[in-house]
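S.K.: Kindly generate the corresponding structure for this input.
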Amino acid sequence: MLKLSENPSMLPAGVESVSQLSGRWRIGHTKSRFEKAFVRDLACCGIGYFMPMIQRVRVSGGRKRHVLAPLFSSYVFFCSSEEQRYTAMTTNRLCQTIEVPDQETLTAELTAIEKALQSKVKLDPYPRLAEGRRCRISAGALQGMEGVVLRRSKPARIVLQVGILGQGAVMEIDADLLEPID
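M.R.: Residues are numbered from 1 along each chain as shown. The predicted structure is shown next:
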């Protein structure tokens with residue numbers, strides 16, 4: 001188990017935001033528990049990546065430990081050329097790469113998750129797409145982010161989706177800040 005300081009960063013060194021990464025977005029489906037090792041390999045090869053992580057408490061040997069866990073287990077998002085995709089496949093840490101047909105939508109979804117993580121909102125993995133009304137946050141630090149409403153009571157719960165994976169992250173927010181998207 002890694003100490004918090006030993007974990008790889010969510011983005012490569014020198015990159016401030018998902019929008020700064022260039023190349024074609026792909027999703028690496030890693031072998032079980034190989035996400036961080038794969039990200040280190042990508043960093044060594046100079047390939048841009050995004051691996052959203054959340055802090056969790058694990059009990060091991062009777063002690064509570066704080067660990068960073070990938071928000072989407074077994075998945076890492078990376079930007080690459082076809083040559084770099086081949087290099088990523090040769091790391092022997094991937095089961096497959098998933099091609100992303102709609103690059104703009106994925107970039108918008110990843111930017112929303114990145115923004116939520118930067119604003120220290122508590123995120124939890126949500127393993128399937130939500131059924132409900134699409135909404136937008138109308139004010140505050142997260143203004144403009146879009147998601148699907150799970151619960152409208154206070155606090156409201158919305159899902160920030162990554163459609164191509166069929167997964168998302170649940171976020172709690174004041175229901176008064178939500179407006180429906182027509």
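
S.K.: How confident was the prediction at the spatially most central residue of the chain?
M.R.: Closest to where the C-alpha atoms of the chain average out (CA atoms, centre = their mean) is Pro52, at 3.8 Å. Per-residue confidence (pLDDT) for Pro52: 97.

S.K.: And the pLDDT for the residue lying closest to it once chain neighbours are set aside?
M.R.: Leaving aside its chain neighbours, Pro52 sits nearest to Leu71 (4.1 Å; criterion: CB to CB, 6 or more residues apart in numbering). Backbone N, C-alpha and C define where each C-beta goes, glycine included. Per-residue pLDDT puts Leu71 at 95.

S.K.: Glu131 now?
M.R.: 62.

S.K.: For the protein, just list every one of the helices.
M.R.: All helices of the chain, identified by DSSP state H, fall at 35-45, 82-89, 103-118.

S.K.: Kindly reformat these as CSV containing distance to Arg56, mean pLDDT and mean neighbour count.
M.R.: Converted to CSV, those look like this (distance: least, CB to CB, whole Å; pLDDT from 0 to 100; neighbours: other CB atoms under 10 Å):
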stretch, distance to Arg56, mean pLDDT, mean neighbour count
helix 35-45, 14, 97, 19
helix 82-89, 26, 97, 14
helix 103-118, 14, 96, 18
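
S.K.: out of the ones you listed, nearest to Val18?
M.R.: With CB to CB as the criterion, Val18 lies closest to helix 103-118 of the helices of the chain, at 4.8 Å.

S.K.: Outside of that closest one itself, which residues are in contact with it?
M.R.: 10, 17-19, 24-25, 50, 52-54, 71, 77, 100, 123, 142, 145-147, 160-164, 169, 171 (CB atoms under 8 Å, 6 or more residues apart in numbering).
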